[in-house]
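Peer 1: Fold the stuff below for me.
(chains A and B)
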Amino acid sequence: MPEEVMSLGSPAGQFNEELLIRRIRDGEHDLFYELIRPYERRVYSAALAILRNEADAEDAAQEAVLKAYKHIRQFRAEARFSTWLIQIAVNEARMRKRKEHAHMIEPIVDHQDEEGNYTPRDFADWREIPSETLERKEVRQILAEALASLGEKYREVFVLRDMQHLSIEETARALGITTASVKTRLLRARLMLRDLLAPGLGGNWSSKLSFAKGTKPW
Amino acid sequence: MVVNCEHVWREISNYLEGDIEPNLRAAIEEHFRGCKHCTAVLDGTRNVIQLYGDERMVEVPLGFSHRLHRRLEENMASGRRSFLGWMVAAAAAILVAGGFEMGRSSVFSHPELRSEHAQPGSGVPPNMMVVVSEEGKTFHVPGCPFIHDKARLRTIAAREAIREGYAPCVRCMRKYLSASLISPSASADSEAQVSGSGNPNLRIKRG
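Peer 2: The predicted structure is shown next:
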């Protein structure tokens, strides 16, 4: 689990954060760097989940952080700062996406009926994952491509919940949807990714990776 | 309770989240013991969560943090600058207000002009000696051929002439008028005075 997640979960981490925010509001603006440092990656990955383009995601992430700085007085302590910050990043990325009409090139899977049952397409055995697998850039690349192929509503839920480790409730709040929708989309996203990545299925693996021909990466 | 494959797939996410009733959990686990397909789906889904949940999956572009901090720094600096600018503007406003009070009798105030069509001019050196006539409306440099009523002339400092409502002569004092005459803030009257044209020659002819 990432270090920042652990520190956030602790009451001490939460307290330090509240203290930092209070001091920033009182004029110690430079402390804002310290406040956002643990979340830089999350802000970026939330924006990337929506925009699917590194340069756009970086720009949106920067803009989101600047907005958080400008509006730090509007932050209410009942929410976690990280959720608030990611919410800003999600809104910023969505706004940019709307402007660019990028929804016109959404993949077909985005139009699937969210409420309908999803039937797994492959039942290949996929039991072990050596942790060193992720050291291989090509594996990370394949995983990133599989994620990028999901429709936006599945991708953003999956990124916030399973990659950024937000709770179901926090994910719902950040995206402005119900917890029931989060659960439905999360299930669909996980099953679709499993289908895309399960050995024995998926053109990506067999065409790009040598281990696909007989030797599994895990 | 007995569950089928479709039921298991619907609940597999909740099962992995631990968000499931004990009875249903027991039934699903019983199903897994006899169904290889559902076990494969369970293992695969768990692997997906485990793989993507690894922090190595979130890669930020090289230099991302540096660029972010630089942009924040610029923003904070411009915020400080605008705060400073606000302070300077506020101080300037106070000075201007104070100056206005002090300057009611100074060259920088513009009392009501003797001619409603005249322009107050700008940048006239306050200590420059100028000539005015009692009945005239404008002040001139000594020797200006357009001085009227030469019998009742007074030579005074420009600041005094302005305070008394005299306006610069459009001929001999032209250089102090042109700026204000062609400025967008010039009044309709002043535009009438220059025949609606920015051509300074026309102003001289009509003055």
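Peer 1: Quick check: chain neighbours aside, which residue is closest to residue 173?
Peer 2: I'll assume chain A. Residue nearest to residue A:173 in three dimensions, not counting chain neighbours: residue A:83, with 6.0 Å by C-beta to C-beta, 6 or more residues apart in numbering or on different chains. Yep, even glycine has a C-beta here, placed from its N, CA and C like the rest.
Peer 1: Chain B, not that one
Peer 2: residue B:121 (6.3 Å).
Peer 1: Counting neighbours, what do you get for that neighbour?
Peer 2: For residue B:121, the neighbour count with other C-beta atoms under 10 Å in any protein chain shown is 25.
Peer 1: remind me which residues of chain B are low pLDDT?
Peer 2: Filtered on pLDDT under 70, chain B yields the residue ranges B:79-111, B:116-119, B:178-207.
Peer 1: now swap in chain A and tell me
Peer 2: A:1-15, A:101-116, A:122-131, A:199-218.
Peer 1: Now do the residue nearest in space to the middle of it against residue A:148, distance only.
Peer 2: Centroid check for chain A by C-alpha atoms, centre = their mean gives residue A:159 as the closest residue, at 2.4 Å. From residue A:159 across to residue A:148, the span is 11 Å (C-beta to C-beta, to the nearest Å).
Peer 1: Look up the closest residue to the residue nearest to the centre of chain A, ignoring the ones flanking it.
Peer 2: Per C-beta to C-beta, 6+ apart, closest to residue A:159 is residue A:49, 3.8 Å.
Peer 1: is it true that that neighbour touches residue A:153?
Peer 2: No. Under the criterion of C-beta atoms under 8 Å, residue A:49 makes no contact with residue A:153, lying 10.5 Å away.
Peer 1: who has more neighbours, those two?
Peer 2: residue A:49 (25 against 19).
Peer 1: ok, now which ones touch the more buried one?
Peer 2: Taking C-beta atoms under 8 Å, 6 or more residues apart in numbering or on different chains, we find residue A:49 in contact with A:93, A:147, A:152, A:155-156, A:158-160.
Peer 1: What are the boundaries of the strands in chain A?
Peer 2: Counting by DSSP state E, chain A has no strands at all.
Peer 1: Surely residue A:32 and residue A:69 touch.
Peer 2: Yes. Counting by C-beta under 8 Å, residue A:32 does reach residue A:69; the two are 5.4 Å apart.
Peer 1: residue contacts, residue A:70?
Peer 2: Contacts of residue A:70 by C-beta under 8 Å, 6+ apart are residue B:75.
Peer 1: Looking at the contacts of residue A:49, which are in helices?
Peer 2: Cross-referencing these against helices under DSSP state H gives A:93, A:147, A:152, A:155-156, A:158.
Peer 1: Could you measure from the residue nearest to residue A:173 over to residue B:112?
Peer 2: On the measure of C-beta to C-beta, residue A:83 and residue B:112 end up 64 Å apart.
Peer 1: neighbour count winner among those two?
Peer 2: Shown here are residue A:83 and residue B:112; by other C-beta under 10 Å, residue A:83 has more neighbours (18 against 6).
Peer 1: Please report how far that one lies from residue A:167.
Peer 2: Taken as C-beta to C-beta, the span from residue A:83 to residue A:167 is 9 Å.
Peer 1: in the sheet, who's paired with residue B:156?
Peer 2: As for beta bridges, residue B:156 partners with residue B:130 under DSSP bridges.
Peer 1: Burial check on it, number of neighbours?
Peer 2: Neighbour count of residue B:156, defined by other C-beta under 10 Å: 17.
Peer 1: And the chain, split by domain according to the record?
Peer 2: Looking at chain A here, since you left the chain open. Following automatic domain parsing, chain A resolves into domains at A:3-105, A:108-212.
Peer 1: The intended chain is chain B.
Peer 2: Split by automatic domain parsing, chain B gives B:5-57, B:69-104, B:129-206.
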